[in-house]
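Student: Kindly generate the corresponding structure for this input.
(2 chains)
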Amino acid sequence: MRKKIKERIKNQLRVFSHSSDVSFSPGFSERVMEKIDEIEKRERMMLDFYGSLQTVFKKVALIGAIILLVLLSYNIKIGDNFSEEEAVFASDAVYYDLNNLPLF
Amino acid sequence: MDDKKLISLARDGDKDAFRELIIKYEPQIAGTVIGMLGPGPEAEDVGQETFVRFYRSLPKFRGESSLSTYLTRIAINLCLNALRKRKIRKMVFFQKTKTAASQSREPINADSLFMAKELINKGLQMLDNRFRTVIILRYMNGHTSEETAEILNIPQGTVMSRLARGMDRLKEILIPLYEGENNGEGKE
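Tutor: Below you'll find the predicted structure:
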């Protein structure tokens, strides 16, 4: 009896695996391909976004470096007793001024 | 065209080749996923995700195991994740509304289960994940014990013992329902 039931279960498992219930709705492969296309599109957009962000950052960094060089040469040109530290804004006087900035 | 050729074409960006692979393995993955999760939108989502994951891992796929084994492994892992999430959702829901949760549990009643496949599906859903996985892979998908062991990354002996214990458990679940059917309790 027990063995019979076991065989019945095995048969029903086989029947169940071949029934229409054990399949995805029609057009499954198209839906998967659409999902893949969507993901690829999103990834391309993200790559484009990061690419343009990188370009902007490069420009900002370049402009910053140019401004620094201009200020440096200006300081060197107009300063009287000008030290190397002062030229790169790293003297004690500059730190003192920075610490005492009226923030509020 | 064989799998190797299709995979190589898909790797080179041939979408039609990949579509052919989906069509070829869809029934097998459907069997695994629906057996594990039961029919419904969740199973369809997991089925889609299985192929999406495979598509993304195409450059890394070295063909050490057969594609069938590889895809089934992805599907089983995704199913186990989905079942874990389902369990968490159930726990949260149960904590919030204990009474509602107890009412939402579907009783196993032969009256509402006329068809054998419904009976089997219900029985499978009541099994522990470990047992359900081996039963589906062996008896529904027709994988050998060796392949099942490879898919689940467990020893073959464990597959055999889980299979035996799982079938015993499934029998325990289904016998009252079969008896109900035989006694005519299942008919209105």
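Student: For B:Asn153, grab phi and psi.
Tutor: B:Asn153 adopts backbone torsions of phi 60, psi 50, taken as degrees, to the nearest 10.
Student: And B:Met167, by the same measure?
Tutor: Residue torsions, per degrees, to the nearest 10, at B:Met167 are phi -70, psi -40.
Student: quick one, strands of chain B?
Tutor: Using DSSP state E, chain B contains no strands.
Student: What are the structural domain limits within it?
Tutor: For chain B, the structural domains run B:1-105, B:106-188, going by automatic domain parsing.
Student: which of these has the lowest average pLDDT?
Tutor: Least confidently modelled of the domains of chain B is domain B:106-188, at a mean of 79 by mean pLDDT.
Student: How about it and chain A, touching?
Tutor: Yes - contact between domain B:106-188 and chain A, assessed by C-beta under 8 Å from any C-beta of the partner chain, occurs at B:116-117, B:119-121, B:123, B:135, B:139-142, B:167, B:170-171, B:174-175, B:178. Bear in mind the C-beta positions are built from the backbone N, C-alpha and C, glycine included.
Student: would you list the domains of chain B in JSON lines and tack on mean neighbour count?
Tutor: Formatted as JSON lines, the domains of chain B follow (neighbours: other C-beta atoms under 10 Å in any protein chain shown):
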{"stretch": "domain B:1-105", "mean neighbour count": "16"}
{"stretch": "domain B:106-188", "mean neighbour count": "17"}
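Student: Out of those domains, which gets nearest to A:Ile66?
Tutor: domain B:1-105 (42.2 Å; C-beta to C-beta).
Student: How far off centre is the closest one?
Tutor: In terms of C-alpha atoms, centre = their mean, to the nearest Å, the centre of domain B:1-105 is found 9 Å from the chain centre.
Student: try stretch A:71-80
Tutor: 40 Å.
Student: And for stretch A:57-68?
Tutor: 22 Å.
Student: outside of it, which residues touch it?
Tutor: By C-beta atoms under 8 Å, 6 or more residues apart in numbering or on different chains, no residue outside stretch A:57-68 reaches it.
Student: any idea of the pLDDT on A:Phe24?
Tutor: On the pLDDT scale, A:Phe24 is placed at 89.
Student: So what's the residue count around it?
Tutor: A:Phe24 has 20 neighbours, counted by other C-beta atoms under 10 Å in any protein chain shown.
Student: Give me every residue in chain A lying close to chain B.
Tutor: Residues of chain A found near chain B (C-beta under 8 Å from any C-beta) are A:2, A:5-6, A:8-10, A:12-17, A:19, A:21-25, A:28-29, A:31-33, A:35-36, A:39.
Student: Counting neighbours, which of the residues you listed end up buried?
Tutor: A:5, A:9-10, A:12-13, A:16-17, A:19, A:22-24, A:28-29, A:31-33, A:35-36 (16 or more other C-beta atoms under 10 Å in any protein chain shown).
Student: quick one, longest helix in chain A?
Tutor: Longest helix in chain A by number of residues (criterion: DSSP state H): helix A:28-78.
Student: shouldn't B:Phe131 be in contact with B:Arg162?
Tutor: Yes - here B:Phe131 reaches B:Arg162: they are 5.6 Å apart, a contact under C-beta atoms under 8 Å.
Student: so how far is B:Val159 from B:Thr144?
Tutor: From B:Thr144 across to B:Val159, the span is 10 Å (C-beta to C-beta, to the nearest Å).
Student: Report the set of residues contacting both of these two.
Tutor: B:Arg138.
Student: how about the longest helix along chain B, does it reach chain A?
Tutor: When chain B is parsed with DSSP H, its longest helix is helix B:67-96. No - counting by C-beta under 8 Å from any C-beta, chain A is not contacted by helix B:67-96; separation bottoms out at 12.1 Å.
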